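# test case, fold it:
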Amino acid sequence: MGPRYSFTAALWSAPSTNAWVFVSLPVDQSAEIRELTDGLRTGFGSLRVQAALNDSSWRTSVFPDSARNTFVMPVKKAIRSAEGLQVGDSARVTIDLLL
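Got it, this is the predicted structure:
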């Protein structure tokens, strides 16, 4: 496993649909990840990660978001339900890059 990043972030939904819910990684951590993974990112610039949100963990990907200058991570409904979280709620997030 690669580096670990931890932060607190609010859940938000994509403007075009309420079906997709995300958290944004902090700008400084996103910049570090971009430098570290230059040339390693796959389709859409994504990176595989082991994620934890509060007490739930799963494997997913983070994606670059040029509008926010960060990486964003989708949070699936099963995780939100297990943690009792809705859009606008904040959660403790940890990601491990799977390099």
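
# tell me how far Leu98 lies from Gly88.
Distance from Leu98 to Gly88, counting by CB to CB, to the nearest Å: 29 Å. The way it works is simple: take the backbone N, C-alpha and C, and place the C-beta from them, glycine included.

# look at the two and report which has more neighbours.
Comparing Leu98 with Gly88 by neighbour count (other CB atoms under 10 Å), the higher total belongs to Leu98, at 12 against 9.

# and the average pLDDT for the lengthiest strand in the chain is what?
Ordering each strand of the chain by length in residues (DSSP state E) puts strand 56-65 first. Per-residue pLDDT values over strand 56-65 give a mean of 96.

# check which residues of the next helix or strand after it are buried.
Using DSSP states H and E, the helix or strand that directly follows strand 56-65 along the chain is strand 70-74. Within strand 70-74, the residues scored as buried using 16 or more other CB atoms under 10 Å are 70-73.

# mean confidence score for strand 70-74?
97.

# contacts for that strand?
Contact with strand 70-74 is made by 20-27, 30, 33, 47, 49, 51, 60-65, 93, 95, as judged by CB atoms under 8 Å, 6 or more residues apart in numbering.

# partner strands of that strand, with direction?
Strand pairing for strand 70-74, using DSSP bridges, gives strand 21-24 (antiparallel), strand 56-65 (antiparallel).

# now stretch 81-99, how far from the centre of its chain.
Distance, stretch centre to chain centre, for stretch 81-99: 8 Å (CA atoms, centre = their mean, to the nearest Å).

# that should have said stretch 30-43, apologies.
Its chain's C-alpha centre and that of stretch 30-43 lie 14 Å apart, by CA atoms, centre = their mean.

# got the end-to-end distance for it?
End-to-end distance of stretch 30-43 (CA to CA, to the nearest Å): 17 Å.

# ok, stretch 86-99 next?
Using CA to CA, first and last residues of stretch 86-99 are 30 Å apart.

# can you list the buried residues in that stretch?
Within stretch 86-99, the residues that count as buried by 16+ other CB under 10 Å are 91, 93, 95-97.

# do the same with stretch 57-67
Of the residues in stretch 57-67, 60-64 count as buried by neighbour count, 16+ other CB under 10 Å.
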